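In: Following is a predicted model, sequence given first.
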Amino acid sequence: MHDEGRTRPTPTDAELGRLLLGGPRRYTRTQVTELSGMPPDAFRRLWHALGFSEAAEDDAVFTDGDVAALHALADLVHAGFVAPGTEASFARALAQPLARLADWQTTLLTSALARDRDGEPDRAGSPGDLPPAADALLSLLRVVQDQVWRRHLAAAVERAPAAPAGGEERELAVGFADLVGYTTRTRGMSGAELAVMVEDFEATAAEVVARGGGRVVKTVGDGVLFTAADPAAAAEIGLSLPERWGAVDRPPLRVGLAHGRVLTRLGDVYSSVVNLASRLTTVARAGSVLVDRELAARLRQHPDYRIEPLQRRSVRGFDDLQPWLVSRCSATEGPPDPAERSS
């Protein structure tokens, strides 16, 4: 018969390390470099690129899993999958989204550990046991994350089946969408209220971009960066975002779109086209969508959109920026006049 108030002991740091890292922390910095065969300076650069702070020389903080991962990275280089000298770039691209994911999942893990501490008496364990709810959580997350990763990898291969390891230049539409007056609107919000609004914004952006056949590159607080291969798809995403997001209690959304050659590398996008889309966003009015000359020319071929030139502007990096306002043609007005499309 169990004691009425018996609960599972709080897991020690060693138990949590075994749960999260797959084994105990047993190696110092010197030992892990010797075991992995990686030079100390290269290991230090790689460790920092992964986003981790410097470990003291005599602290045993590394695991057998760390050694195995370093061997796997060396194998990736030797096999030609990762170019020599780009290990740190590879590590940064891998670590940044995973670090964000881990920050979010900390709440789930904390909740699981609380369930283990406050669980039913007949589920109480003894010191040295892995916390069952936390262990189950990690097992389930691994299954989901692996399949989602494979799905995204398959989708990326379909978009760019011959992308070289160092990056690929492609013709893409790049879009920025940001919340107007975000700082002012959120100044009086509680943390819980702000979290709800950010979650709603990211969920709306992810759904609209995915439905439109685009890809969310990244979200940054009050904005989202996305790409689309098809100009009309980009325009539809840009117009749909403010419509889907609009509500009295939300700050309005504005969108800037540009089209051209873009370097896609390690999940991010680079070129003056990205900067141009960002600058167009800064001059767009709330609820509007502005595009550059290249995208405007392409959208004129689509009868569903009306393209109107606006006054030229001088913004940082672009002294004579010509924005074009995009809107949908109503059913009653019909498509734009052919002469207007050719202007």
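Out: Arrived safely.

In: ranges for the helices of the stretch 151-300 of the chain?
Out: Ranges of helices within the stretch 151-300 of the chain are 182-186, 191-211, 231-245, 272-283, 293-299, based on DSSP state H, counting those that start in this stretch.

In: Compare those helices and give me the one nearest residue 73.
Out: Smallest distance to residue 73 across the helices of the stretch 151-300 of the chain (Cβ to Cβ): 29.3 Å, for helix 272-283. No exception for glycine: its C-beta is placed from N, CA and C like everyone else's.

In: what angle do that closest one and helix 231-245 make?
Out: 30 degrees (axes from the mean of the first three to the mean of the last three Cα atoms, to 10 degrees).

In: Name the surrounding residues that touch helix 272-283.
Out: 172, 174-178, 223, 225, 254-262, 290-292, 313, 315-318, 321, 323 (Cβ atoms under 8 Å, 6 or more residues apart in numbering).

In: For PyMOL, write the select line for the buried members of the residues you listed.
Out: Entered in PyMOL, the line below selects the buried ones among the contacts of helix 272-283, by 16 or more other Cβ atoms under 10 Å:
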select buried, resi 172+174+175+176+177+178+223+225+254+255+256+257+258+259+260+262+290+291+292+313+315+318+321+323
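
In: Spatially central residue for this protein, please.
Out: With distances taken as Cα atoms, centre = their mean, the residue of the chain nearest its centroid is residue 218 (4.1 Å).

In: just to revisit the earlier point, wait, which of the helices of the stretch 151-300 of the chain is closest to residue 147?
Out: Among the helices of the stretch 151-300 of the chain, the nearest to residue 147 by Cβ to Cβ is helix 191-211 (16.7 Å).

In: Quick check: bridge partners of the residue nearest to the centre of the chain?
Out: Counting by DSSP bridges, residue 218 forms beta bridges with residue 225.

In: what does residue 176 give?
Out: Bridge pairing for residue 176 - DSSP bridges - gives residue 225, residue 256.

In: cool, and residue 169?
Out: Beta-bridge partners of residue 169, as defined by DSSP bridges: residue 263.

In: I'd guessed it sits against residue 262; true?
Out: Yes. Residue 169 lies in contact with residue 262 (Cβ atoms under 8 Å); the separation is 7.0 Å.

In: tell me the secondary structure for residue 325?
Out: For residue 325, the assignment made with DSSP: H, G, I helix; E, B strand; the rest coil gives strand.

In: what's the neighbour count on it?
Out: 16 (other Cβ atoms under 10 Å).

In: again, but for the one 3 residues further on
Out: Burial of residue 328, expressed as a neighbour count using other Cβ under 10 Å, amounts to 14.

In: mind checking how far it is from residue 229?
Out: Here residue 328 is placed at a distance of 21 Å from residue 229 (Cβ to Cβ, to the nearest Å).

In: got it, and residue 41?
Out: Between residue 41 and residue 229 the computed distance is 41 Å (Cβ to Cβ).

In: more neighbours, these two?
Out: Applying other Cβ under 10 Å to residue 41 and residue 229 shows that residue 229 carries more neighbours, namely 15 against 9.

In: residue contacts, the nearest residue to the more buried one once chain neighbours are set aside?
Out: Using Cβ to Cβ, 6 or more residues apart in numbering and skipping the chain neighbours, the partner closest in space to residue 229 is residue 172 (6.1 Å). For residue 172, the contact set (Cβ under 8 Å, 6+ apart) comprises 227, 228, 229, 259, 260, 262, 264, 269, 273.

In: mind checking pLDDT for residue 172?
Out: Residue 172 carries a pLDDT value of 94.

In: Roughly how far does it sit from residue 274?
Out: 10 Å.

In: now residue 266
Out: As defined by Cβ to Cβ, residue 266 lies at a distance of 14 Å from residue 274.

In: Same check on residue 149?
Out: According to Cβ to Cβ, residue 149 and residue 274 sit 25 Å apart.

In: Which of those two has more residues huddled nearby?
Out: Legend: neighbour count by other Cβ under 10 Å for residue 149 and residue 274, higher for residue 274 (22 against 10).
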